[in-house]
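> Structure, please.
(2 chains)
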2 protein chains.
Amino acid sequence: MKSTYTVNGMSCGHCASSLTEEVSKLDGVRTVDVDVENKRVTITSETPLPFELITNAVTEAGYELVN
Amino acid sequence: MKSTYTVNGMSCGHCASSLTEEVSKLDGVRTVDVDVENKRVTITSETPLPFELITNAVTEAGYELVN
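Purely as a prediction, here's the structure:
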């Protein structure tokens, strides 16, 4: 399945790398695609990911999950 | 001695870290202070650093030394 979220606070490719690294650690995540310019992160996963886990990963990377 | 340069292209703390890492590799560098907001990097070194070496380090980190 594929889900897209809005993330605030990213400014460059380093930010994209940090976010990708954290979200990739979550169980079941297959791919993470970060679009810094449009503040979007798209995640594909084997099963639905609890929103709370995604929020935690984004926060851990230093950014803010908006929705 | 202390020198300050203007660097274009940095957008966040990750950028500051990358630039600091590259410039710190130069022989004789004691401290590197990066001010992302004001696009400034201040370098203290034991001896004067050739401008070309600083330019190379900044370019290697992915940014542009302006002056």
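
> hang on, isn't A:L49 packed against A:V29?
Yes: contact criterion C-beta atoms under 8 Å: A:L49 and A:V29 qualify, at 7.1 Å. C-betas here are computed from N, CA, C, even on glycine.

> Mind listing the shared neighbours of these two?
A:I43 (C-beta atoms under 8 Å, 6 or more residues apart in numbering or on different chains).

> Next up, the contacts around A:L49.
A:S3, A:L26, A:G28, A:V29, A:I43.

> Now flag whichever of the residues you listed is closest to A:S11.
Lowest distance from A:S11 to the contacts of A:L49 (C-beta to C-beta) belongs to A:I43, with 20.5 Å.

> Can you tell me the SS state at that closest one?
strand (DSSP: H, G, I helix; E, B strand; the rest coil).

> quick one on the thing from earlier: please pick the buried ones from the contacts of A:L49.
A:L26, A:V29, A:I43 (16 or more other C-beta atoms under 10 Å in any protein chain shown).

> can you list those in JSON lines and add pLDDT and distance to chain B?
Shown next, in JSON lines, are these (pLDDT from 0 to 100; distance: C-beta to the nearest C-beta, whole Å):
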{"residue": "A:L26", "pLDDT": "96", "distance to chain B": "21"}
{"residue": "A:V29", "pLDDT": "96", "distance to chain B": "22"}
{"residue": "A:I43", "pLDDT": "95", "distance to chain B": "21"}
